[in-house]
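Trainee: missing the sequence, but the structure's below:
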């Protein structure tokens, strides 16, 4: 029996999973770790805590008796780390993808009419979300950093690259096409780092990792007397695209984790969006590239964690289902979950989270339901943006932690007016890493992995007379007014 290891490094936790060749879980470990919020809109991670969470979940896998054939790494994207090329020690905390500190830098570049060049080459908007301005900020704000970078003494990496560096004992400095495509300095047409973009962001090319396909033979993981080939690295949302087997044009998935990310396979050529969505690399497998359109929602699970940890509404995130109205009634309460700005298709880095419509009879259920509805409304806005770009969604496959909330899944179907398909295992990100690694050693092939049996899916069909269009219109008006106020 062949076994595959998936290292799933997420925004607030790391999970390691061993799968058999039929993608059944045979062993799994998970560990949460804290994020840091040093200033308004700033989100950081201690690289040592991040690495510790990887080792704490990886070591039990290596200590097991399973003969692991290969490993795949999937990771939170855009999060930026810069470290010393000799010692491997980071010169600053990791700047997390949610961080908005570089909004002014982005505004300055927009004022120089550079956004169109960046968008044309990368498929991305000019936004603090992506890695390039994060790199620039570290070089400009950490003493001596730019001088070291110009000497060739610093290395940049997204989390996949940082993990590969450490798991290989500092021997490997590589990334894959999906993670590279999220930096704002990678040309998705020529499939290489772009010198004009590097000049715009003032980033030395010597810092950058080698870019490989998602199923490349990256090198060896060496730890605890174990040596395992790493045969895949892939960004978490693209990994979920693979995990949901979205191998054909128009196949779409949504992952509800810390944020929510809707991604649709857009074929063999980049497709420009006219409605605020991102054009990105979907995956690079078996010698070919598939592209995707993506809508990014910054706060999904983050909102539930806030209701749990800050508001103390419930002790466990799973208990949120008890506070969610099965009919979506929030008693006139609206919520904008813009803790660090709001993403697609609105893209406003300055707006902040707000409730509206709270009265003396507002309950915890009203506020929790309003929070869940706000997430659904953003999904609806992305659905409408895709329609503007010529892609009509017929159904939606979802995964991630929130896919286990049956009331939420039903309301999502009701509001979207679509069937919502939930796989038996909602950890599509980890499965995608295992599939990609399996493709890398020839166990699987793209578009021919495993056939989904009907009993592996739960399908939520929309009920009649649940969605009220005027509520969505009020929510959009509230968001519009807030964005104007913060501008």
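Mentor: Yes, it's here. Every value quoted in this text rests on a predicted model; they were computed, and no experiment measured them.

Trainee: Residue 444 and residue 115, how far apart?
Mentor: Between residue 444 and residue 115 the distance is 39 Å, computed by C-beta to C-beta, to the nearest Å. C-beta here means a position set from N, CA and C on the backbone, and glycine is covered the same way.

Trainee: The two - which one has more neighbours?
Mentor: Higher neighbour count among residue 444 and residue 115: residue 444, with 23 against 16, using other C-beta atoms under 10 Å.

Trainee: Kindly list the main-chain dihedrals of that one?
Mentor: phi -120, psi 170 (degrees, to the nearest 10).

Trainee: Tell me the residue in the chain that is farthest from the middle.
Mentor: Distance from the centre of the chain peaks at residue 360, with 37.9 Å (C-alpha atoms, centre = their mean).

Trainee: Residue 371 versus that residue, what's the distance?
Mentor: Taking C-beta to C-beta, one finds residue 360 at 20 Å from residue 371.

Trainee: ok so, going back, secondary structure class of the residue farthest from the centre of the chain, three-state.
Mentor: Following DSSP: H, G, I helix; E, B strand; the rest coil, the label given to residue 360 is coil.

Trainee: Where does residue 16 fall, secondary structure wise?
Mentor: Assigned by DSSP states H and E, residue 16 belongs to strand 13-20.

Trainee: Please identify the buried residues of whichever helix or strand comes after that strand?
Mentor: For strand 13-20, the following helix or strand on the C-terminal side (DSSP H and E) is strand 25-32. Buried residues in strand 25-32, counted by 16 or more other C-beta atoms under 10 Å: 28, 29, 30.

Trainee: Could you list the paired strands of strand 25-32 along with their orientation?
Mentor: Strand 25-32 pairs in its sheet with strand 13-20 (antiparallel), by DSSP bridges.

Trainee: centre of the chain versus the partner strand, how much separation?
Mentor: Here strand 13-20 is found 17 Å from its chain centre; the criterion is C-alpha atoms, centre = their mean, to the nearest Å.

Trainee: any idea how far the residue farthest from the centre of the chain is from residue 331?
Mentor: The separation that residue 360 has from residue 331, given C-beta to C-beta, amounts to 11 Å.

Trainee: And for residue 417?
Mentor: Look at residue 417 and residue 331: by C-beta to C-beta, they are 24 Å apart.

Trainee: Kindly report the same for residue 11.
Mentor: Here the criterion is C-beta to C-beta. By it, residue 11 lies 32 Å from residue 331.

Trainee: which of the two has more neighbours?
Mentor: Shown here are residue 11 and residue 331; by other C-beta under 10 Å, residue 11 has more neighbours (23 against 16).

Trainee: In the worst-scoring helix or strand of the chain on mean pLDDT, which residues are buried?
Mentor: Every helix and strand in the chain was compared by mean pLDDT, DSSP states H and E; the lowest is strand 395-399, with a mean of 84. For strand 395-399, the neighbour count (16+ other C-beta under 10 Å) marks 396, 397, 398, 399 as buried.

Trainee: Okay, and the beta partners of the first one?
Mentor: According to DSSP bridges, the partner residues bridging residue 396 are residue 420.

Trainee: for the record, mean pLDDT for the host helix or strand of residue 117?
Mentor: Using DSSP H and E, residue 117 maps to helix 115-122. For helix 115-122, the mean per-residue pLDDT is 94.

Trainee: What helices and strands are in contact with it?
Mentor: Contacts defined by 3 or more C-beta pairs under 8 Å, 6 or more residues apart in numbering; DSSP states H and E place helix 115-122 against strand 186-187, helix 195-201.

Trainee: and the helix or strand just after the least confident helix or strand of the chain, how far from the chain's centre?
Mentor: Counting by DSSP H and E, the next helix or strand C-terminal to strand 395-399 is helix 406-416. The chain centroid and the centroid of helix 406-416 are separated by 22 Å under C-alpha atoms, centre = their mean.

Trainee: can you tell me how far the residue lying closest to residue 361 once chain neighbours are set aside sits from residue 5?
Mentor: Distances taken as C-beta to C-beta, 6 or more residues apart in numbering place residue 331 nearest to residue 361, at 7.2 Å, with adjacent residues excluded. To residue 5, residue 331 is 48 Å away according to C-beta to C-beta.

Trainee: Likewise for residue 324?
Mentor: Applying C-beta to C-beta, the value for residue 324 to residue 5 is 36 Å.

Trainee: In terms of neighbours, single out the busier of the two.
Mentor: Between residue 324 and residue 5, counting by other C-beta under 10 Å, residue 5 is the more crowded of the two (28 against 21).

Trainee: My guess is that one contacts residue 64. True?
Mentor: No - checked against C-beta atoms under 8 Å, the pair residue 5 and residue 64 is beyond contact range at 9.8 Å.

Trainee: Just the angle for the least confident helix or strand of the chain relative to helix 406-416, thanks.
Mentor: Strand 395-399 and helix 406-416 are oriented at 150 degrees to each other (axes from the mean of the first three to the mean of the last three C-alpha atoms, to 10 degrees).

Trainee: residues making contact with strand 395-399?
Mentor: Contacts with strand 395-399, where a contact means C-beta atoms under 8 Å, 6 or more residues apart in numbering, come from 240, 243-244, 246, 251-256, 262, 409, 412, 416, 418-423, 426-429.

Trainee: Going by neighbour count, list what's buried in stretch 58-71.
Mentor: Buried residues in stretch 58-71, counted by 16+ other C-beta under 10 Å: 58, 61, 62, 66, 68, 69, 70, 71.

Trainee: Residue 437 is in contact with the last one, correct?
Mentor: What that stands for is residue 71. Yes - under the criterion of C-beta under 8 Å, residue 71 makes contact with residue 437 at 6.1 Å.

Trainee: which neighbours do the two share?
Mentor: 4, 5, 6, 230, 231, 232.

Trainee: Without its sequence neighbours, what residue ends up closest to residue 456?
Mentor: Of all residues not flanking residue 456 in the chain, residue 424 sits nearest, at 4.6 Å (C-beta to C-beta, 6+ apart).
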